[in-house]
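Peer 1: need the 3D shape of this:
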Amino acid sequence: MYGILVEASFNGWWILYKFLFIMRRNIPSTQALACFEVAARHESYTRAAQELSLTQSAVSRQIQALEEFLGVALFRRTRHGVVLTPAGAHYGRQVARWLQGLERDTLDVMAHQGEGGTLTLAAVPTFATRWLIPRLPQLAQAHPDIVVHIDTQTRPFLFADTTFDAALYAGTPEQVSNWPGVQAQLLMHEDVVPVCSPRLLESAAHRGRGRAHQPVAAEALAELPLLQQSTRPYGWRQWFDAMEVEAPHALDGPRYELFSMLAVAATHGMGVALIPPLLIEAELASGELVVACNRPLRGERAYYLISPAQAQPPVLATFARWLQHMAEVGSPPVAG
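Peer 2: Alright, predicted model coming up:
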């Protein structure tokens, strides 16, 4: 019986050893990958050698060894140098992403000495600029070991093809449900409200002293210039329909793509804009913008934290809890 157990244990370890050995053999050397990534980026062995402080022959040997390892030609040799093959171009993009992720993780460990961590977020630009970044000092105060990097991304993507840890996404429930391989955390709905400059609101109706900047009735807005959003071309028509107001010019007016553009145009008195208050907290607090009619309309979109479907790493889970709390509090950040 003992001999059977020893043999079974030995066989198990031998299978594991062979598996790990095979796995190791299927991963090229980091030096070969680094040489290939630089050569692929420049499509030149000479420039790769200059960047890596190696000889051209050393770079050539590394890439030749990599091609033999893969069994695939990565470059096509010509009289004028080298040109990537289709397989080489595809592999080059994959290797570049892997090396970037490895460098990021290495710097993360070095910077935090194994504690806390770094998050790389994809985010819609206006939400990141107007809502998230002003609140990051509070994250730093509560969790000083977490560092957040933010890049712009407005459309769904495959996390496996990027170095992003999560995404702040603005979209409809249908768009979120069609995003494969992810989990979604609802942060807040996108309620829009008419806003404009105080001077423009004064012209909307004649009122007594001290009431010039108070909101007006929905009917009064139909007579003011309207600022349109190109990504929501029927926004004003939907708002007036919800208010049961006849507005023949609901589709008229200059169009801007981003909420941030609408906010600047409205601040300069160009018209009334439909903007979520959460994106113009500073302008409302300073009085640059005022609510023209206190009748919000819930939009089709909402803001979500999107992450890969697998279990969240501790640093992302901590950030997600903090983000949810900030969304529920809803108040503007305290100025420093």
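Peer 1: what's the local residue count around the closest residue to residue 156 other than its chain neighbours?
Peer 2: Of all residues not flanking residue 156 in the chain, residue 179 sits nearest, at 4.5 Å (Cβ to Cβ, 6 or more residues apart in numbering). (C-beta placed from N, C-alpha, C; glycine too.) Look at residue 179: counted by other Cβ atoms under 10 Å, it has 19 neighbours.
Peer 1: tell me how far residue 179 lies from residue 191.
Peer 2: Distance, residue 179 to residue 191, by Cβ to Cβ, to the nearest Å: 23 Å.
Peer 1: surely residue 46 meets residue 56?
Peer 2: Yes - with contact defined as Cβ atoms under 8 Å, residue 46 reaches residue 56; the gap is 5.6 Å.
Peer 1: could you point out which element follows the helix or strand harbouring residue 83?
Peer 2: Here residue 83 sits within strand 81-84, counting by DSSP states H and E. Note on strand 81-84: by DSSP H and E, the next helix or strand toward the C-terminus is helix 86-112.
Peer 1: that next one - what's its average pLDDT?
Peer 2: Helix 86-112 carries an average pLDDT of 79.
Peer 1: what residue spans form the domains of this structure?
Peer 2: 2-94, 95-189+301-329, 191-298 (automatic domain parsing).
Peer 1: shouldn't residue 143 be in contact with residue 318?
Peer 2: Yes - Residue 143 is within contact range of residue 318, at 6.1 Å (criterion: Cβ under 8 Å).
Peer 1: tell me, what's touching those two both at once?
Peer 2: Common contact partners of residue 143 and residue 318 (Cβ atoms under 8 Å, 6 or more residues apart in numbering): none.
Peer 1: dump the residue contacts of residue 223.
Peer 2: Taking Cβ under 8 Å, 6+ apart as the test, what residue 223 contacts is residue 204.
Peer 1: 6 Å instead, please
Peer 2: Listed by Cβ atoms under 6 Å, 6 or more residues apart in numbering, the contact set of residue 223 is empty.
Peer 1: what of residue 262?
Peer 2: 227, 256, 273, 275.
Peer 1: what's opposite the second one in the beta bridge?
Peer 2: Here residue 256 shows beta-bridge partners residue 229, assigned using DSSP bridges.
Peer 1: C-terminal to the one helix or strand residue 192 maps to, what's the next element?
Peer 2: Assigned by DSSP H and E, residue 192 belongs to strand 182-196. Remark: after strand 182-196, the chain's next helix or strand is helix 198-202, criterion DSSP H and E.
Peer 1: how distant is the helix or strand following that following helix from the center of its chain?
Peer 2: Going down the chain from helix 198-202, the next helix or strand is helix 218-221, by DSSP H and E. In terms of Cα atoms, centre = their mean, to the nearest Å, the centre of helix 218-221 is found 37 Å from the chain centre.
Peer 1: let me know the average pLDDT across helix 218-221.
Peer 2: 91.
Peer 1: then stretch 278-293?
Peer 2: 94.
Peer 1: contacting residues around it?
Peer 2: 126, 130-131, 193-196, 198, 201, 213, 215-216, 218, 221, 259, 263, 266-267, 272, 332.
Peer 1: Three-state assignment for residue 180, please.
Peer 2: At residue 180 the chain is in coil, as set by DSSP: H, G, I helix; E, B strand; the rest coil.
Peer 1: what's the closest non-adjacent residue to it?
Peer 2: Nearest residue to residue 180, sequence neighbours excluded (Cβ to Cβ, 6+ apart): residue 158, at 7.5 Å.
Peer 1: tally of neighbours for the one you found?
Peer 2: Neighbours of residue 158 (other Cβ under 10 Å): 12.
Peer 1: quickly note the distance from it to residue 184.
Peer 2: For residue 158, the distance to residue 184 equals 15 Å [Cβ to Cβ].
Peer 1: same check on residue 293?
Peer 2: The value you get for residue 293 to residue 184, if Cβ to Cβ is used, is 32 Å.
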